[in-house]
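Trainee: Give me a 3D structure for the following:
(chains A, B and C)
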Amino acid sequence: MEKNYILFPNYSQGLKLESLLKANKIKYVISPTPRKLSSCCGISIMYNKEDEESIKALIEENSIEIKGLYKLE
Amino acid sequence: MGDYRDMWKNLGMDLEKHDVLCEALPQAFGDIYLSQENRPDAMNYFNYALAEVHGARIQEIQEEKNNGKKVIGTFCVFVPDEVILAAGAVGVGLCSGSQFWIADGEKVLPRNLCPLVKAFVGAKVSRTCPYFQSCDMIVGETTCDGKKKAYEIMEEYVPVHIMELPQMKREKNYEEWQDEIKLFIKKMEELTGNKITVERLRETIDLCNRKRRALKRLYDLRKNIPSPISGLDALLVSQIAFMDDIERFIEKTNELCDELEDRVKTPNANGMKRIMITGTPMAVPNWKLHSIIEGLGAEVVVEETCTGTRYFENEVSSEGDTIDDLVRNLADRYMNINCACFTPNRGRIDDILRYAEEYDVDGVIYYNLSFCHTYAIEYGKVEKALKEKNIPLLNIETDYSEEDAGQIKTRVEAFLEMI
Amino acid sequence: MHYIGIDIGSTASKVSVLDDEELKLNFVMPTGWSSVETSNIIRKRLEKEGIDIEKARIVATGYGRVSVPYAHKTVTEITCHGKGAYFLTGSHMTTVIDIGGQDTKVITVEEGKVTSFIMNDKCAAGTGRFLELMANTLGVSLNDMCQMALKGRDISITSMCTVFAESEVISLIGRGAKREDIARGVLNSIIGRIKTLLNKQGIKGEIYLTGGLCELDPFIELLSKSLNQRVSTSSLARYAGSIGGALMARNIV
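Mentor: Model (predicted):
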């Protein structure tokens, strides 16, 4: 199954986005960053594909720093 | 995520080796935890705490250290956190739950020893645990022979203070434990330069009681049929309790309980068998038995272990006007923990029988870490008491390795077919 | 309708077929290195016997139970041996000893239901594999080793561990000990392990031996003598697991 991740330069940016997702009632799961995506440990956020556009908008509007959106098969 | 390599390097860690440890976690956590269905949303915090266990939390601890705070590592639920906090220090429970550390532990210890002891020595020797590397002092205790002697090895690496835990529960033993707590207070005052005042100690007693209450609240919710939270998730919360910032932990655990309280309003009977685990502790990332049991479609509803009820049951009274009064209260609460290191230890049997009823369990699984003699011997008494009440019991003796997972699975599966 | 129990053990795979009345068929084959391969061979064999797999109800058991893709259900060998032993003995209270290739179990069965069980530690000592290894070391068949043991003197092999026991046996050979005595020592060693399990579990009712050793009469004789109680078994007892599986298959809707 395809999984979608958002990676961050540091955890505080991740937590910032988390509170926005919560406030906007968008489903997400905090996950340890998969090693396939990065060798740095720490959190990333897993989300559902159908929410991608609204999440992108939230990131843009609130100038959240991210390392990018990734997909794992 | 973040890049913590500089921080780890400054802590004197073996980066290459530590990376091997980090590598395994996301996959294991994903397979065991994130694959569960219908998890409470509030578990996201605990996912965060686990994912950042060697990252953000260590960063926070380093910041506290930079502000002049001391970091104290502990290994046992008998060491009073209240004293550590009252001295303005940070307490961390050193976890030692990974097979990763066993090989390094076996370099300096005999092989036929409890995996927990081998792992905590291995973690220090291999310089791969940032909590260990952050500690200004570790506090040992004389609960078992393996730990007692292992602290002599630890002394070569880090300052150690040992508390002599009495092994009986007579009046004089309570007094002995009070004396030990007083010595510990003195030691903490020397180390930190902070005086432990009555006010300060009373505050931290209240704080630790609030933490106990939050965990008790979580466990009480598991008494519902079905439990609103998996045993795996509840175990993770307990495990995080040993390392997290206390105030934040209390807040997040209560948030989780709020969500669970909503859940139990509309119970969905699932017909799952309800299992109690009793025995030895399960430190992060030891999720082995829970994942086997819950993978077979049963639910773990209570753990009578040091990473379960023994950690939070009974509060410390904050009544009294002097340090002596408060120390007596502390000793009274801590000496009431029913660990198999005591003789006799009838209180534990009473606890198990009481939980069996309160949590309405279908069966009990006795979890014994290999070579833990006190718990292994006490099995006989527990077996007898449960047999009298017709409560099915299964004995599992194991370590952290995965080699026996198949055999354990067969035993648990047969047990579930039987009950 | 056919009800099939397939017991994929670590050494041997056993298959039993029931219809609505009686036991129709039993066969055994070596498990080999691949349980999946074995389950394919079993399928072909069943088809050759004229059994319509598509219409049958199938329960897989044993350590390779997950490798039978055409099974409707998996049940542990512990439950199956309990059911199978009840079917074979009809006794309302039985203590079953199942000596398998990779582990040994003692199972208490009351009115056809498993009420408690105990297994040996994660180690080959006290298992069928141990006996096979020792027979190999002595250069005889399992059956011959047991025959020899009857004529031997009581000696003990002290090592708990299969690996150490093997070197002990080799050094006994080196010292010129009689093969009969060594064989007796080997059997004493496994019987000692079984006794420990039985003492822990407690003996209720008759003792019934299942698993691959059930046709080794000298072994049963020595075991009975050592336990001071007759150990009963039958030639079908090695199929207890697969028979139990077939019985469980009757419950599949």
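Trainee: Mind pulling the model confidence for residue 50?
Mentor: You didn't pick a chain, so chain A it is. What the model reports as pLDDT for A:Glu50 is 95.
Trainee: if you could check chain B rather than the one you did, that'd help
Mentor: pLDDT, read off for B:Leu50, is 96.
Trainee: Which helix or strand contains it?
Mentor: helix B:43-51 (DSSP states H and E).
Trainee: mind checking how far the residue of the stretch 1-150 of chain C found nearest chain B is from C:Tyr63?
Mentor: As assessed by C-beta to the nearest C-beta, chain B sits closest to C:Ile78 within the stretch 1-150 of chain C, at 3.6 Å. C-beta: built from backbone N, CA, C; applies to glycine. Distance of C:Ile78 to C:Tyr63, computed by C-beta to C-beta, to the nearest Å: 11 Å.
Trainee: Could you check which of those two is surrounded by more residues?
Mentor: Neighbour totals were compared for C:Ile78 and C:Tyr63, and C:Ile78 leads with 26 against 22 (other C-beta atoms under 10 Å in any protein chain shown).
Trainee: Just to check, that one is in contact with C:Val114?
Mentor: Yes: counting by C-beta atoms under 8 Å, C:Ile78 touches C:Val114, with 6.3 Å between them.
Trainee: Touching both of these two, which residues are there?
Mentor: Shared contacts of C:Ile78 and C:Val114, defined by C-beta atoms under 8 Å, 6 or more residues apart in numbering or on different chains, are found at B:414, B:417-418, C:107.
Trainee: Next, the buried residues of stretch C:43-59.
Mentor: Buried positions in stretch C:43-59, judged by neighbour count with 16 or more other C-beta atoms under 10 Å in any protein chain shown: C:43, C:46, C:51, C:56-59.
Trainee: now that stretch: mean pLDDT?
Mentor: For stretch C:43-59, the per-residue pLDDT averages 95.
Trainee: and that stretch, is it in reach of chain B?
Mentor: No: judged by C-beta under 8 Å from any C-beta of the partner chain, stretch C:43-59 stays clear of chain B, getting no closer than 11.8 Å.
Trainee: Quote the end-to-end distance of that stretch.
Mentor: 13 Å (C-alpha to C-alpha, to the nearest Å).
Trainee: any residues touching that stretch, and which ones?
Mentor: C:1-6, C:15, C:17, C:25, C:27, C:29, C:68, C:70-75, C:80, C:245-246, C:248-250, C:252.
Trainee: among the residues you listed, which are within reach of chain B?
Mentor: C:Val75.
Trainee: Which of the contacts of stretch C:43-59 fall in strands?
Mentor: C:3-6, C:15, C:17, C:25, C:27, C:29, C:73-74 (DSSP state E).
Trainee: which stretches of the chain form strands?
Mentor: I'll assume chain A. A:3-7, A:28-32, A:43-47, A:68-72.
Trainee: My question was about chain C, not that one.
Mentor: C:3-8, C:12-18, C:23-30, C:57-61, C:73-74, C:93-99, C:104-110, C:113-119, C:206-211, C:231-232.
Trainee: now B:His18: how far from chain A?
Mentor: To chain A, B:His18 is 9 Å away according to C-beta to the nearest C-beta, to the nearest Å.
Trainee: Please report how far that residue lies from B:Leu11.
Mentor: 10 Å.
Trainee: out of those two, which sits in the busier spot?
Mentor: A side-by-side neighbour count of B:His18 and B:Leu11, using other C-beta under 10 Å, places B:His18 first with 23 against 18.
Trainee: just to revisit the earlier point, tabulate the shared contacts of C:Ile78 and C:Val114 (JSON lines), appending secondary structure, pLDDT and neighbour count.
Mentor: Formatted as JSON lines, these follow (DSSP: H, G, I helix; E, B strand; the rest coil; pLDDT from 0 to 100; neighbours: other C-beta atoms under 10 Å in any protein chain shown):
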{"residue": "B:Ala414", "secondary structure": "helix", "pLDDT": "96", "neighbour count": "24"}
{"residue": "B:Glu417", "secondary structure": "helix", "pLDDT": "96", "neighbour count": "18"}
{"residue": "B:Met418", "secondary structure": "helix", "pLDDT": "96", "neighbour count": "19"}
{"residue": "C:Ile107", "secondary structure": "strand", "pLDDT": "97", "neighbour count": "27"}
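Trainee: for those residues, which one is nearest chain A?
Mentor: B:Glu417 (31.0 Å).
Trainee: in chain C, which helix or strand is least confident?
Mentor: Across the helices and strands of chain C, mean confidence by mean pLDDT, DSSP states H and E is lowest for helix C:162-174: a mean of 83.
Trainee: Name the residues of that helix that are buried.
Mentor: The neighbour-count criterion (16+ other C-beta under 10 Å) identifies C:162, C:165-166, C:168-169, C:172 as the buried residues of helix C:162-174.
Trainee: Widest-spaced pair of the residues you listed?
Mentor: C:Thr162 and C:Leu172 (15.2 Å; C-beta to C-beta).
Trainee: Can you pull up the most central residue in chain C?
Mentor: Centroid-nearest residue in chain C: C:Gly211, 1.9 Å away (criterion: C-alpha atoms, centre = their mean).
Trainee: Hmm, that residue is touching C:Thr233, no?
Mentor: No: counting by C-beta under 8 Å, C:Gly211 does not reach C:Thr233; the two are 9.2 Å apart.
Trainee: Give me the common contacts of those two.
Mentor: Counting by C-beta under 8 Å, 6+ apart, nothing touches both C:Gly211 and C:Thr233.
Trainee: where along chain A do the helices fall?
Mentor: Secondary structure of chain A (DSSP state H): helices at A:11-23, A:52-61.
Trainee: If I take the shortest one and helix A:11-23, what angle do their directions form?
Mentor: Taking axes from the mean of the first three to the mean of the last three C-alpha atoms, to 10 degrees, one finds that helix A:52-61 is oriented at 120 degrees with respect to helix A:11-23.
Trainee: Now do the contacts for the most centrally placed residue in chain B.
Mentor: Nearest to the geometric centre of chain B sits B:Thr307, at 3.2 Å (C-alpha atoms, centre = their mean). Residues near B:Thr307 by C-beta under 8 Å, 6+ apart: B:235, B:238-239, B:242, B:281-283.
Trainee: okay, these in TSV with pLDDT and distance to C:Ile155 next?
Mentor: Converted to TSV, these look like this (pLDDT from 0 to 100; distance: C-beta to C-beta, whole Å):
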residue	pLDDT	distance to C:Ile155
B:Leu235	98	50
B:Ser238	98	52
B:Gln239	98	51
B:Phe242	97	53
B:Pro281	97	44
B:Met282	97	44
B:Ala283	96	46
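Trainee: out of the residues you listed, who's nearest B:Leu221?
Mentor: Out of these, the member with the shortest distance to B:Leu221 (by C-beta to C-beta) is B:Ser238, at 13.6 Å.
Trainee: Tell me if I'm right that the closest one and B:Leu215 touch.
Mentor: Yes: contact criterion C-beta under 8 Å: B:Ser238 and B:Leu215 qualify, at 6.8 Å.
Trainee: Show me where the stretch 201-350 of chain B has its helices.
Mentor: B:231-241, B:246-265, B:288-295, B:309-312, B:323-334, B:346-358 (DSSP state H, counting those that start in this stretch).
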